[in-house]
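please find the sequence and the predicted model below.
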Amino acid sequence: MAERHRDNGHVRVETTAADREGAQALARSAVEHRLAACAQVAGPITSFYRWEGAVQADEEWLVVMKTAADRLDALTAHLGEVHPYDVPEVVAVPVEGGSAEYLDWVTDETRPVR
């Protein structure tokens, strides 16, 4: 089990929500569906972005999820279904290293229940 994390690959996935409750719901849903092993909610943050031709500034909450790379497509699809935004941020960043035990746990927790 000690080398499995290197074969599978892992990613950190970020999204945002309009409020704490929405962010917590997204985090819980991803973990409950075994699409992420862990999700953290932080905020509030202020996001600046261009939408419909104007620069916007809104308070949001950040959700960071850790998952196995082979679960990224399913997690992205799930967030697209449950997220209330028209175009939710879903950004994945590869994990380049870390604790082998933690990464093995991430892989194990994102497998379907046997």
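Ah, there it is.

per-residue pLDDT, residue 8?
We have a pLDDT of 71 for residue 8.

ok, it touching residue 72?
No: assessed by C-beta atoms under 8 Å, residue 8 is found out of contact with residue 72, at 11.2 Å. Backbone N, C-alpha and C define where each C-beta goes, glycine included.

neighbour count winner among those two?
Neighbours were counted for residue 8 and for residue 72 using other C-beta atoms under 10 Å; residue 72 has more, 20 against 15.

for residue 78, pull up the helix or strand it's in.
helix 72-82 (DSSP states H and E).

helices or strands up against that helix?
When contacts are defined as 3 or more C-beta pairs under 8 Å, 6 or more residues apart in numbering; DSSP states H and E, helix 72-82 sits against strand 10-17, helix 20-32.

and residue 73, what is it in contact with?
Applying C-beta atoms under 8 Å, 6 or more residues apart in numbering to residue 73 gives no contacts.

how much space between the residue nearest to residue 10 when sequence neighbours are not counted and residue 51?
Spatially, and ignoring its direct neighbours in sequence, residue 10 is nearest to residue 95 (4.1 Å; C-beta to C-beta, 6 or more residues apart in numbering). Distance from residue 95 to residue 51, counting by C-beta to C-beta, to the nearest Å: 30 Å.

before we move on, the earlier item: identify the contacts common to residue 8 and residue 72.
With C-beta under 8 Å, 6+ apart, residue 8 and residue 72 have no common neighbours.
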